[in-house]
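A.B. asks: Sequence plus the predicted model coming up.
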Amino acid sequence: MQGILRFFEYSGFANVTPGHILMVLIGLLFIYLAIRHEYEPLLLVPIGFGILIGNTPFMENAGLQLGIYEPGSVLNYLYQGVLKGIFPPLIFLGIGAMTDFSTLLSNPKLILLGAAAQIGIFLTYLGALVLGFANPEAASIGIIGGADGPTAIFIASRLAPHLIGSIAIAAYSYMALVPVIQPPIMRLLTTPEERKIRMKPPRAVSKQEKVIFPIAGLLLTGFIAPGSLPLLGMLFFGNLLKESMVTKRLADTARNALIDIVTIILGLTVGASTQATTFLTPQSILIFVLGALSFMISTAGGIMFAKLMNRFLKGDDRINPLIGAAGVSAVPDSARVAQTEGLKADPNNHLLMHAMAPNVSGVIGSAVAAGIMLSFLM
């Protein structure tokens, strides 16, 4: 009988709490949204399953080395790639090898939309300070507005490691919910006539321009914000591997095998970091609220800046304000949302190629914003 009781004490049934049950339900919800509605399945399936792993209860003070926060556990070793900021640059390498900057190069003024969409980062940073968060914590929370999970994890690993779990889950959650959050804001801030604006086709971009851009982009952003080099250095390096056409094997590895492996480990460990006994705090809930506000402000900022630009543009040079919402870094989902909303207003108005320009510039913009914050707060 004593053996049976000891077995029960070590089982999950004896150590389960309401928090564990709540987090398991959230993990199941993530998996459901990924499979049933295809909301960012490559992210939500690993994260959702990681939440299940991290919230399977066990006796935490028994020295079993099971939890992600217990030194010596397998999950803890894997989690070091998150805590040390190793995984985000590797993901940026893969993103760079997948990204085509042609639309941005063909219409450079659209980069302003990606910059304008970062307003949510800085306003949320100020709001978090008002609510009592320390400077480094507020900066890490504000980056959620860029809808760029790797950037949010990278800056949190440098400035607020104790908040990585909450910040990462919030950032990836809002990235997955782009098709739900953005359309109402887009329809609210634009008129039917604005949504029907047709933009002139992008010009053809030469191979020479495509090769020069990652080199020039690295030097320019590196001089402006050296703190962004770990991210943007890898982004532009990956893009050069793609555009040079002489390193196809390296580019294929970066955009396929490498980014897939890192995404699996990153998603699983970030999900497991939501261990109920550590994760469920009033602070985490406040981070989710601030993250949502940051993301919505960033979406609105891109749209409103496009409307402002149209006051100085005429004829074919005018911009459909819907693509301003793609200034957040959720590539390519926010660009697809702009395309979908454009087709609803005019079934023959295709905005995807135009929306990709502010979308990829948003990736650069959020990384530069993170680099600037690191320069001031490290």
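C.D. replies: Alright, I've got the coordinates. Residues are numbered from 1 along each chain as shown.

A.B. asks: Would you mind giving me the confidence score for Tyr10?
C.D. replies: On pLDDT, Tyr10 comes in at 68.

A.B. asks: cool, Ile31 as well?
C.D. replies: Taking Ile31 on its own, its pLDDT is 95.

A.B. asks: roughly how far is the host helix or strand of it from the heart of the chain?
C.D. replies: Ile31 is located in helix 18-36, with elements delineated by DSSP states H and E. Remark: helix 18-36 is offset 20 Å from the chain centroid, using CA atoms, centre = their mean, to the nearest Å.

A.B. asks: Could you do stretch 237-247 as well?
C.D. replies: Per CA atoms, centre = their mean, the centroid offset for stretch 237-247 relative to its chain is 23 Å.

A.B. asks: Next: stretch 75-89.
C.D. replies: Distance, stretch centre to chain centre, for stretch 75-89: 16 Å (CA atoms, centre = their mean).

A.B. asks: got the end-to-end distance for it?
C.D. replies: 20 Å (CA to CA, to the nearest Å).

A.B. asks: what's next to that stretch, contact-wise?
C.D. replies: With contact meaning CB atoms under 8 Å, 6 or more residues apart in numbering, stretch 75-89 is reached by 53-54, 65-70, 150-151, 153-154, 157-158, 161, 164, 168, 230-231, 233-234, 262, 265-266, 268-270, 272-273. Yep, even glycine has a C-beta here, placed from its N, CA and C like the rest.

A.B. asks: my read: Met309 touches Leu112, true?
C.D. replies: Yes: using CB atoms under 8 Å, Met309 is in contact with Leu112, at 6.9 Å.

A.B. asks: was I right about Arg195 contacting Leu343?
C.D. replies: No: in this structure, Arg195 is not within contact of Leu343 by CB under 8 Å, at 9.9 Å.

A.B. asks: Pick out the residue nearest the middle of this protein.
C.D. replies: Asp148 (2.0 Å; CA atoms, centre = their mean).

A.B. asks: And the pLDDT for the closest residue to that residue other than its chain neighbours?
C.D. replies: In space, and not counting its chain neighbours, Asp148 is closest to Ser329: 3.6 Å by CB to CB, 6 or more residues apart in numbering. Ser329 is assigned 80 on the pLDDT scale.

A.B. asks: so how far is Asn135 from Ser329?
C.D. replies: 23 Å (CB to CB, to the nearest Å).

A.B. asks: Just want to know which of the two has more residues nearby.
C.D. replies: Ser329 (31 against 15; other CB atoms under 10 Å).

A.B. asks: Quick one: residues contacting that one.
C.D. replies: 146-148, 151, 359, 362-363, 365-366.

A.B. asks: Now which of those would you call buried?
C.D. replies: 146-148, 151, 359, 362-363, 365-366 (16 or more other CB atoms under 10 Å).

A.B. asks: Quick check on Gly67: phi, psi?
C.D. replies: phi -70, psi 160 (degrees, to the nearest 10).

A.B. asks: Number the residues from 5 up from this point.
C.D. replies: Will do, 5 is the new start, and the previous item becomes Gly71.

A.B. asks: Could you measure from it over to Gly52?
C.D. replies: 18 Å.

A.B. asks: just Ala180 next, same as before
C.D. replies: Taking CB to CB, one finds Ala180 at 10 Å from Gly52.

A.B. asks: Same check on Leu297?
C.D. replies: Leu297 is 24 Å from Gly52, by CB to CB.

A.B. asks: picking that back up, and Gly71 and Gly52? which has more neighbours close in?
C.D. replies: For Gly71 and Gly52, the more surrounded residue by other CB under 10 Å is Gly52, and the numbers stand at 23 against 20.

A.B. asks: got the contact list for the more buried one?
C.D. replies: 31-35, 38, 275.

A.B. asks: And for the closest residue to Ser110 other than its chain neighbours, the neighbour number?
C.D. replies: Spatial nearest neighbour of Ser110, excluding adjacent residues (CB to CB, 6+ apart): Pro206 at 3.8 Å. By the criterion of other CB under 10 Å, Pro206 has 17 neighbours.
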